[in-house]
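Asks: Generate a structure from the sequence data that follows.
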Amino acid sequence: MSYLRDMESKEIILDSVDTYNKLFGLPTFHPLVTVVDLKEATRTFERGRMKYGLYALFLKNGISCSIKYGRKQYDYQEGTVVSFSPGQTVEVDMIPGNPVHDVLGLLFHPDLIFGTPLADKIHEFSFFDYSQMESLHLSEDERAQFLHCLAMIKEETQHPVDNHSAALIAANIQLLLEYLHRFYDRQFITRHKVNSGIVAQFERDLKECFHEPRQSLPSVAYFASGANLTPGYFGDLVRKETGSSPKDLITLHLVNEAKHLLTMSDADVSMIAYRLGFEYPAHFSRMFKRATGQSPTDYRVAVANARG
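Replies: Alright, predicted model coming up:
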């Protein structure tokens, strides 16, 4: 096993399957997709920063490295699957004294799926957006299914190319992603009690965040950070538990607070907008009318008339 030196000071641009395979001294059988077993790697490195131009999935069978996305450590333990998509950058630290990496992976270039059904569906696999925090913890049966799908993809990449190759490879990749989607749903259900606590805290925070005048509008990222989750994972969690997106729930609380202020005070509409965190009163008026069908002023008058 040889080590690549001076990797810490440079960013590795993974813009092709061959670039990744050469990094670890692995053969390339297909220009747009590869199934890798890093136990077969002939080269490695101690630390590096990688910018992905590929979609990637890795199953970690042993503890051989740690991964950091931004400032946060990736939840990447033994027996878990992690995923990356084009545009994401991660920092990888190999465990000292452990040159053998017990990791299996699938990497494919976006060009592989253009013109296939998977191209229209890839955005639905939101686990590609979790990256930083939430990996998928597989059961033994799920792991066996993952490996079976990888084996089918690998077999097809080593098959002589014909008119069916691209469609079959994309179909097998989609099959694997559909299974992972199912497994993530299972993980959500398994963590229902924990998730319920996170949602309950989110609702408490929502109620409290408008008690005092705000400098800016509360965002999904703001609440997700408080739960130590990524916005994508937080959004899916809240939607699973409540049936509504965090953005919709924030808007609902925002409108309810606006209604309270409009009916319980004589404050000018612009002052209410600023109190709620809007930079421009016109944005507040548009949001309120979109949610209620009335402008803030019309709503205030209608309530006053109804009360006599």
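
Asks: how about the helices in this structure?
Replies: Residue ranges of the helices in the chain, as given by DSSP state H, are 17-23, 117-121, 140-157, 165-190, 192-208, 220-226, 231-242, 246-264, 269-276, 281-292, 296-307.

Asks: by contact count, what packs against the first one?
Replies: With contacts taken as 3 or more C-beta pairs under 8 Å, 6 or more residues apart in numbering; DSSP states H and E, helix 17-23 sits against strand 11-14, strand 33-37, strand 103-108. Every C-beta, even on glycine, is put in place using the N, C-alpha and C of the backbone.

Asks: try 10 Å
Replies: Contact partners of helix 17-23 among helices and strands, from 3 or more C-beta pairs under 10 Å, 6 or more residues apart in numbering; DSSP states H and E: strand 11-14, strand 33-37, strand 43-44, strand 47-52, strand 103-108.

Asks: The first one pairs with which strands?
Replies: Each strand paired with strand 11-14, and its direction, by DSSP bridges: strand 47-52 (parallel).

Asks: So which bits of stretch 24-36 are buried?
Replies: For stretch 24-36, burial by neighbour count (16 or more other C-beta atoms under 10 Å) applies to 24, 26, 28, 30, 32-36.

Asks: same deal with stretch 103-111?
Replies: 103-109.

Asks: and what of stretch 278-293?
Replies: Of all the residues in stretch 278-293, those buried under the rule 16+ other C-beta under 10 Å are 278, 281, 284-285, 287-288, 291.

Asks: Using PDB, write out the CA atom coordinates for that stretch.
Replies: Below are the C-alpha coordinates for stretch 278-293, written out as PDB (Å, rounded to 0.1, in the frame of the first residue of the first chain):
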ATOM      1  CA  PHE A 278     -39.500  41.500   7.800                       C
ATOM      2  CA  GLU A 279     -37.100  43.800   6.200                       C
ATOM      3  CA  TYR A 280     -39.700  45.400   4.000                       C
ATOM      4  CA  PRO A 281     -43.400  45.900   5.000                       C
ATOM      5  CA  ALA A 282     -44.400  45.100   1.400                       C
ATOM      6  CA  HIS A 283     -43.000  41.600   1.800                       C
ATOM      7  CA  PHE A 284     -45.100  41.100   4.900                       C
ATOM      8  CA  SER A 285     -48.300  42.300   3.200                       C
ATOM      9  CA  ARG A 286     -47.700  39.900   0.300                       C
ATOM     10  CA  MET A 287     -47.100  37.000   2.600                       C
ATOM     11  CA  PHE A 288     -50.200  37.800   4.700                       C
ATOM     12  CA  LYS A 289     -52.500  38.100   1.700                       C
ATOM     13  CA  ARG A 290     -51.100  35.000   0.100                       C
ATOM     14  CA  ALA A 291     -51.900  33.100   3.400                       C
ATOM     15  CA  THR A 292     -55.200  34.600   4.300                       C
ATOM     16  CA  GLY A 293     -56.700  36.100   1.100                       C
END
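
Asks: Check what contacts that stretch and list those residues.
Replies: 214-217, 248, 251-252, 254-256, 258-259, 262, 268-277, 294-299, 302 (C-beta atoms under 10 Å, 6 or more residues apart in numbering).

Asks: Buried subset of those residues, written for PyMOL?
Replies: For the buried members of the contacts of stretch 278-293, the matching PyMOL selection, counting by 16+ other C-beta under 10 Å, is:
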select buried, resi 217+251+254+255+258+259+262+269+272+273+274+275+276+277+296+299
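
Asks: so can I have CSV of the helices and strands packed on helix 17-23 showing mean pLDDT?
Replies: Formatted as CSV, the helices and strands packed on helix 17-23 follow (pLDDT from 0 to 100):
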stretch, mean pLDDT
strand 11-14, 88
strand 33-37, 96
strand 43-44, 82
strand 47-52, 83
strand 103-108, 95
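
Asks: just to revisit the earlier point, ranked by average pLDDT, which of the helices of the chain falls at the bottom?
Replies: With a mean of 81, helix 192-208 has the lowest mean pLDDT of the helices of the chain.

Asks: can you give me the angle it makes with helix 246-264?
Replies: On the basis of axes from the mean of the first three to the mean of the last three C-alpha atoms, to 10 degrees, helix 192-208 is oriented at 30 degrees to helix 246-264.

Asks: Nothing else from me, thank you.
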